[in-house]
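In: only geometry, no sequence info:
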(Lines give C-alpha, C1' and ligand atoms only; values in the text may rest on other atoms or scores of the structure.)
Protein backbone atom coordinates (compact mmCIF):
# COMPACT_ATOMS: atom_id res chain seq x y z
CA UNK A 1 0.00 0.00 0.00
CA UNK A 2 1.26 3.39 -0.90
CA UNK A 3 2.19 5.54 2.03
CA UNK A 4 1.17 9.19 2.12
CA UNK A 5 2.76 11.82 4.31
CA UNK A 6 1.16 15.10 5.35
CA UNK A 7 3.07 18.27 4.76
CA UNK A 8 3.19 20.06 8.09
CA UNK A 9 5.22 22.98 6.75
CA UNK A 10 3.17 24.67 4.07
CA UNK A 11 4.64 27.40 1.96
CA UNK A 12 4.19 30.99 3.11
CA UNK A 13 1.76 31.71 0.30
CA UNK A 14 -0.50 28.95 1.57
CA UNK A 15 -1.05 30.65 4.97
CA UNK A 16 -4.61 31.89 5.28
CA UNK A 17 -5.97 34.29 7.86
CA UNK A 18 -8.15 32.88 10.55
CA UNK A 19 -11.86 33.23 10.01
CA UNK A 20 -12.36 34.05 13.64
CA UNK A 21 -13.55 37.60 14.26
CA UNK A 22 -12.68 39.51 17.40
CA UNK A 23 -15.45 40.92 19.58
CA UNK A 24 -17.35 43.84 18.14
CA UNK A 25 -17.62 42.59 14.57
CA UNK A 26 -14.13 43.64 13.48
CA UNK A 27 -13.27 42.29 10.03
CA UNK A 28 -9.78 40.92 9.23
CA UNK A 29 -7.74 42.04 6.22
CA UNK A 30 -4.87 39.99 4.81
CA UNK A 31 -1.69 41.88 3.92
CA UNK A 32 1.67 40.26 3.08
CA UNK A 33 0.65 36.94 4.59
CA UNK A 34 -0.33 38.51 7.93
CA UNK A 35 -3.68 39.04 9.54
CA UNK A 36 -4.39 42.77 10.11
CA UNK A 37 -7.45 43.82 12.09
CA UNK A 38 -9.06 47.01 10.81
CA UNK A 39 -11.58 48.92 12.91
CA UNK A 40 -14.75 50.04 11.15
CA UNK A 41 -14.59 53.69 10.10
CA UNK A 42 -17.61 54.63 12.23
CA UNK A 43 -15.73 53.61 15.39
CA UNK A 44 -12.46 55.33 14.57
CA UNK A 45 -13.63 58.79 15.47
CA UNK A 46 -11.24 61.51 16.58
CA UNK A 47 -12.52 61.82 20.15
CA UNK A 48 -13.44 58.17 20.78
CA UNK A 49 -9.89 57.09 21.63
CA UNK A 50 -8.66 57.41 25.21
CA UNK A 51 -6.10 60.03 26.15
CA UNK A 52 -2.63 58.89 25.15
CA UNK A 53 0.81 60.19 26.10
CA UNK A 54 0.62 63.09 23.62
CA UNK A 55 -2.77 64.26 24.91
CA UNK A 56 -1.67 64.13 28.54
CA UNK A 57 1.55 65.98 27.77
CA UNK A 58 -0.19 68.74 25.79
CA UNK A 59 -2.96 69.07 28.40
CA UNK A 60 -0.43 69.33 31.23
CA UNK A 61 1.62 72.00 29.46
CA UNK A 62 -1.48 74.03 28.60
CA UNK A 63 -2.96 73.81 32.11
CA UNK A 64 0.29 75.17 33.60
CA UNK A 65 0.14 78.31 31.45
CA UNK A 66 -3.64 78.61 31.83
CA UNK A 67 -3.43 78.52 35.63
CA UNK A 68 -0.58 81.04 35.78
CA UNK A 69 -2.29 83.44 33.38
CA UNK A 70 -5.62 83.15 35.22
CA UNK A 71 -4.01 83.83 38.60
CA UNK A 72 -2.08 86.80 37.20
CA UNK A 73 -5.16 88.38 35.56
CA UNK A 74 -7.37 87.91 38.63
CA UNK A 75 -4.59 89.27 40.83
CA UNK A 76 -4.30 92.45 38.75
CA UNK A 77 -8.07 92.95 38.75
CA UNK A 78 -8.16 92.38 42.50
CA UNK A 79 -5.53 95.09 42.98
CA UNK A 80 -7.66 97.54 40.97
CA UNK A 81 -10.74 96.57 43.00
CA UNK A 82 -8.86 97.11 46.27
CA UNK A 83 -7.70 100.53 45.09
CA UNK A 84 -11.25 101.45 44.12
CA UNK A 85 -13.27 100.13 47.09
CA UNK A 86 -10.94 99.72 50.08
CA UNK A 87 -11.12 103.35 51.18
CA UNK A 88 -14.90 103.26 51.07
CA UNK A 89 -14.97 100.03 53.06
CA UNK A 90 -12.67 101.39 55.74
CA UNK A 91 -14.64 104.65 55.96
CA UNK A 92 -17.69 102.56 56.84
CA UNK A 93 -15.84 100.69 59.61
CA UNK A 94 -15.56 97.36 57.74
CA UNK A 95 -13.52 94.72 59.54
CA UNK A 96 -11.03 92.25 58.11
CA UNK A 97 -13.71 89.57 57.81
CA UNK A 98 -16.06 91.98 56.00
CA UNK A 99 -13.34 93.02 53.53
CA UNK A 100 -12.34 89.40 52.89
CA UNK A 101 -15.91 88.28 52.25
CA UNK A 102 -16.59 91.28 50.01
CA UNK A 103 -13.63 90.64 47.69
CA UNK A 104 -14.15 86.87 47.72
CA UNK A 105 -17.73 87.39 46.52
CA UNK A 106 -16.76 90.08 44.00
CA UNK A 107 -13.88 88.15 42.38
CA UNK A 108 -16.02 85.63 40.37
CA UNK A 109 -17.72 88.57 38.62
CA UNK A 110 -14.52 89.15 36.62
CA UNK A 111 -14.53 85.67 35.07
CA UNK A 112 -16.86 86.65 32.22
CA UNK A 113 -14.14 88.55 30.37
CA UNK A 114 -11.02 87.02 32.00
CA UNK A 115 -11.54 83.39 30.94
CA UNK A 116 -11.72 83.98 27.15
CA UNK A 117 -8.64 86.21 27.27
CA UNK A 118 -6.68 83.73 29.40
CA UNK A 119 -7.72 80.87 27.09
CA UNK A 120 -6.40 82.73 24.05
CA UNK A 121 -3.09 83.72 25.66
CA UNK A 122 -2.43 80.25 27.08
CA UNK A 123 -3.12 78.56 23.73
CA UNK A 124 -0.85 80.94 21.85
CA UNK A 125 1.97 80.44 24.34
CA UNK A 126 1.62 76.64 24.51
CA UNK A 127 1.49 76.12 20.75
CA UNK A 128 4.31 78.61 20.26
CA UNK A 129 6.52 76.68 22.68
CA UNK A 130 5.77 73.41 20.89
CA UNK A 131 6.64 74.98 17.56
CA UNK A 132 9.84 76.57 18.87
CA UNK A 133 11.02 73.25 20.32
CA UNK A 134 10.29 71.49 17.04
CA UNK A 135 7.77 69.14 18.59
CA UNK A 136 5.00 69.94 16.14
CA UNK A 137 7.34 69.36 13.17
CA UNK A 138 8.44 66.04 14.66
CA UNK A 139 4.84 64.91 15.09
CA UNK A 140 3.94 66.01 11.57
CA UNK A 141 6.93 64.09 10.22
CA UNK A 142 5.67 61.02 12.09
CA UNK A 143 2.37 61.28 10.25
CA UNK A 144 0.26 62.86 13.00
CA UNK A 145 -2.12 65.55 11.70
CA UNK A 146 -2.64 68.96 13.26
CA UNK A 147 -6.21 68.19 14.27
CA UNK A 148 -5.07 64.98 15.94
CA UNK A 149 -2.29 66.84 17.76
CA UNK A 150 -4.60 69.55 19.10
CA UNK A 151 -7.72 67.47 19.73
CA UNK A 152 -7.35 67.77 23.51
CA UNK A 153 -7.22 71.58 23.18
CA UNK A 154 -10.40 71.58 21.09
CA UNK A 155 -12.09 69.46 23.76
CA UNK A 156 -10.86 71.81 26.52
CA UNK A 157 -12.20 74.81 24.57
CA UNK A 158 -15.63 73.19 24.22
CA UNK A 159 -15.76 72.43 27.95
CA UNK A 160 -14.71 75.99 28.72
CA UNK A 161 -17.55 77.33 26.54
CA UNK A 162 -20.03 75.27 28.54
CA UNK A 163 -18.50 76.51 31.78
CA UNK A 164 -18.77 80.13 30.58
CA UNK A 165 -22.46 79.66 29.80
CA UNK A 166 -23.11 78.33 33.29
CA UNK A 167 -21.10 81.12 34.93
CA UNK A 168 -22.89 83.86 32.95
CA UNK A 169 -26.28 82.38 33.83
CA UNK A 170 -25.82 81.87 37.56
CA UNK A 171 -22.51 82.64 39.28
CA UNK A 172 -21.59 86.02 37.76
CA UNK A 173 -25.01 87.71 38.28
CA UNK A 174 -25.00 86.43 41.87
CA UNK A 175 -21.48 87.78 42.42
CA UNK A 176 -22.30 91.25 41.12
CA UNK A 177 -25.55 91.59 43.06
CA UNK A 178 -24.26 90.04 46.28
CA UNK A 179 -21.14 92.24 46.39
CA UNK A 180 -23.34 95.30 45.87
CA UNK A 181 -25.59 94.25 48.75
CA UNK A 182 -22.62 93.60 51.05
CA UNK A 183 -21.24 97.08 50.44
CA UNK A 184 -24.69 98.64 50.81
CA UNK A 185 -25.30 96.86 54.12
CA UNK A 186 -21.93 98.01 55.44
CA UNK A 187 -22.84 101.60 54.58
CA UNK A 188 -26.24 101.27 56.27
CA UNK A 189 -24.69 99.69 59.35
CA UNK A 190 -22.30 102.59 59.71
CA UNK A 191 -25.02 105.20 59.11
CA UNK A 192 -27.30 103.68 61.75
CA UNK A 193 -24.58 104.25 64.35
CA UNK A 194 -24.30 107.95 63.48
CA UNK A 195 -27.82 108.95 62.37
CA UNK A 196 -31.47 108.15 63.00
CA UNK A 197 -33.09 105.28 61.06
CA UNK A 198 -35.21 107.76 59.07
CA UNK A 199 -32.04 109.31 57.62
CA UNK A 200 -30.23 106.07 56.73
CA UNK A 201 -29.97 105.35 53.01
CA UNK A 202 -32.13 108.32 52.03
CA UNK A 203 -32.09 109.48 48.40
CA UNK A 204 -33.84 112.62 47.20
CA UNK A 205 -35.75 113.20 43.93
CA UNK A 206 -36.04 109.53 42.96
CA UNK A 207 -37.94 108.68 39.76
CA UNK A 208 -38.78 105.34 38.17
CA UNK A 209 -40.60 104.42 34.96
CA UNK A 210 -42.38 101.06 34.95
CA UNK A 211 -42.84 100.65 31.19
CA UNK A 212 -44.50 97.24 31.45
CA UNK A 213 -47.25 98.49 33.77
CA UNK A 214 -47.24 101.98 32.16
CA UNK A 215 -46.67 103.80 35.44
CA UNK A 216 -44.37 106.68 36.34
CA UNK A 217 -43.18 106.85 39.96
CA UNK A 218 -41.67 109.84 41.75
CA UNK A 219 -40.50 110.20 45.38
CA UNK A 220 -39.41 113.41 47.05
CA UNK A 221 -37.35 111.22 49.40
CA UNK A 222 -36.79 107.47 49.41
CA UNK A 223 -35.10 105.39 52.11
CA UNK A 224 -33.39 102.32 50.68
CA UNK A 225 -32.71 101.07 54.20
CA UNK A 226 -36.38 101.00 55.24
CA UNK A 227 -37.93 100.61 51.78
CA UNK A 228 -40.15 103.62 52.41
CA UNK A 229 -40.81 106.66 50.21
CA UNK A 230 -42.06 110.14 51.13
CA UNK A 231 -43.95 112.59 48.92
CA UNK A 232 -45.13 109.93 46.46
CA UNK A 233 -46.67 110.50 43.04
CA UNK A 234 -47.71 107.60 40.77
CA UNK A 235 -49.05 108.43 37.30
CA UNK A 236 -50.69 105.70 35.19
CA UNK A 237 -50.99 105.95 31.38
CA UNK A 238 -53.04 104.16 28.75
CA UNK A 239 -51.49 102.55 25.61
CA UNK A 240 -51.87 105.87 23.75
CA UNK A 241 -49.81 107.69 26.38
CA UNK A 242 -52.75 109.59 27.90
CA UNK A 243 -52.92 109.98 31.66
CA UNK A 244 -55.50 107.66 33.23
CA UNK A 245 -55.01 108.30 36.95
CA UNK A 246 -52.67 109.93 39.42
CA UNK A 247 -52.06 108.68 42.95
CA UNK A 248 -50.67 111.14 45.51
CA UNK A 249 -49.58 109.97 48.96
CA UNK A 250 -47.59 111.28 51.89
CA UNK A 251 -45.78 107.97 52.38
CA UNK A 252 -45.50 104.61 50.62
CA UNK A 253 -44.00 101.41 52.01
CA UNK A 254 -42.87 98.39 50.01
CA UNK A 255 -44.12 95.11 51.50
CA UNK A 256 -42.45 91.72 51.39
CA UNK A 257 -43.44 89.68 48.35
CA UNK A 258 -44.21 92.72 46.19
CA UNK A 259 -46.74 95.50 46.34
CA UNK A 260 -46.97 98.86 48.10
CA UNK A 261 -48.97 100.35 50.96
CA UNK A 262 -49.82 104.07 50.60
CA UNK A 263 -50.51 106.32 53.57
CA UNK A 264 -52.38 109.64 53.56
CA UNK A 265 -53.13 109.41 49.85
CA UNK A 266 -55.79 110.19 47.29
CA UNK A 267 -56.43 109.22 43.67
CA UNK A 268 -57.13 111.76 40.92
CA UNK A 269 -58.61 110.89 37.52
CA UNK A 270 -59.11 113.11 34.45
CA UNK A 271 -62.69 114.36 34.04
CA UNK A 272 -63.47 116.62 31.04
CA UNK A 273 -66.83 117.59 32.61
CA UNK A 274 -65.19 118.94 35.73
CA UNK A 275 -64.12 122.63 35.79
CA UNK A 276 -60.65 121.61 36.89
CA UNK A 277 -60.46 118.73 34.44
CA UNK A 278 -59.82 116.29 37.31
CA UNK A 279 -61.92 114.45 39.86
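Out: Everything's here; your move. Quick caveat: nothing in here was measured; it's all calculated off a predicted structure. Numbers count the residues shown, from 1 in each chain.

In: can we go C-alpha only for contacts and neighbour counts from here?
Out: Noted.

In: Can you spell out which residues form a bridge with the residue lying closest to residue 228 once chain neighbours are set aside?
Out: Closest residue to residue 228 apart from its sequence neighbours, by Cα to Cα, 6 or more residues apart in numbering: residue 253 at 4.5 Å. With DSSP bridges as the criterion, residue 253 is bridged to residue 228, residue 261.

In: Point out where the stretch 151-279 of the chain drops to low pLDDT.
Out: Across the stretch 151-279 of the chain, residues meeting the criterion (pLDDT under 70) sit at 195-199, 271-279.

In: ranges for the strands of the protein?
Out: Ranges of strands in the chain, per DSSP state E, are 27-31, 34-38, 202-210, 215-223, 228-237, 243-254, 260-268.

In: closest one to residue 124 among these?
Out: Closest approach to residue 124 among those (Cα to Cα): strand 34-38, 36.6 Å.

In: so which of the strands of the chain comes closest to residue 91?
Out: strand 202-210 (18.3 Å).

In: Tell me the buried residues in that closest one?
Out: Neighbour counts over strand 202-210 (16 or more other Cα atoms under 10 Å) mark residue 202 as buried.

In: now swap in stretch 126-138 and tell me
Out: 126-127, 136.

In: Closest to residue 225 out of those residues?
Out: Comparing the buried residues of stretch 126-138 against residue 225 with Cα to Cα places residue 126 closest, at 51.5 Å.

In: got a markdown table for the strands of the chain, with distance to residue 169 too?
Out: As requested, the strands of the chain are exported to a markdown table (distance: least, Cα to Cα, whole Å):
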| stretch | distance to residue 169 |
| --- | --- |
| strand 27-31 | 48 |
| strand 34-38 | 46 |
| strand 202-210 | 25 |
| strand 215-223 | 30 |
| strand 228-237 | 31 |
| strand 243-254 | 28 |
| strand 260-268 | 30 |
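
In: And these: which comes nearest residue 63?
Out: Smallest distance to residue 63 across the strands of the chain (Cα to Cα): 34.8 Å, for strand 34-38.

In: Now that closest one: average pLDDT?
Out: The average pLDDT for strand 34-38 rounds to 41.
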